[in-house]
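*Asks:* What follows is a predicted protein model with its sequence.
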Amino acid sequence: MALIAGGSAGLGLATGAAPARAGSLVVLASRPAERCAAAAARVSAGTGGTAAGRACDVTDERSVPGLTDWVLATLALAIAASRPVPR
């Protein structure tokens, strides 16, 4: 999984394409939720990979825990889905 702050435009958006092409889940985080969602859709469509957009203002310490909680939960689900279910 790749988490890219400032990922909805410019260098952050461009940086998200490589890990998506390589098969990693990419999370593009930035302040405007709509731009994050649009950027994630562009990365997914352009690479065939999986990208998600999440709103987060990393300059606001109250905003960051929500992003990290979501990333950790998503990563746990991805790991669980990739492993066989114990019998």
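*Replies:* Arrived safely. Residues are numbered from 1 along each chain as shown.
*Asks:* Pull out the buried positions in stretch 60-73.
*Replies:* In terms of neighbour count (16 or more other Cβ atoms under 10 Å), stretch 60-73 has its buried residues at 67, 71. The way it works is simple: take the backbone N, C-alpha and C, and place the C-beta from them, glycine included.
*Asks:* Check stretch 44-56 too.
*Replies:* For stretch 44-56, by 16+ other Cβ under 10 Å, it's 44, 47, 49-56.
*Asks:* ditto for stretch 30-45
*Replies:* 30, 35-40, 42-44.
*Asks:* What about Leu13, how many residues nearby?
*Replies:* A count of nearby residues for Leu13, using other Cβ atoms under 10 Å, gives 22.
*Asks:* and it, what helix or strand is that in?
*Replies:* According to DSSP states H and E, Leu13 maps onto helix 10-21.
*Asks:* Show me what the residue most central in space within the chain is bridged to.
*Replies:* The centre of the chain sits closest to Val27, judged by Cα atoms, centre = their mean, with a distance of 0.7 Å. Beta-bridge pairing of Val27 under DSSP bridges involves Leu3, Ala52.
*Asks:* For it, give me the pLDDT.
*Replies:* What the model reports for Val27 is a pLDDT of 95.
*Asks:* Look up how far Gly10 lies from it.
*Replies:* 17 Å (Cβ to Cβ, to the nearest Å).
*Asks:* Check Arg54 too.
*Replies:* Arg54 is 17 Å from Gly10, by Cβ to Cβ.
*Asks:* quick one: the helices in this structure?
*Replies:* Under the criterion DSSP state H, helices of the chain are mapped to 10-21, 33-47, 64-82.
*Asks:* show me what contacts Leu67?
*Replies:* Counting by Cβ atoms under 8 Å, 6 or more residues apart in numbering, Leu67 touches 3, 29, 54, 56.
*Asks:* low pLDDT regions in this structure?
*Replies:* 83-87 (pLDDT under 70).
*Asks:* If anything else comes up later, I'll come back, but that's it for now.
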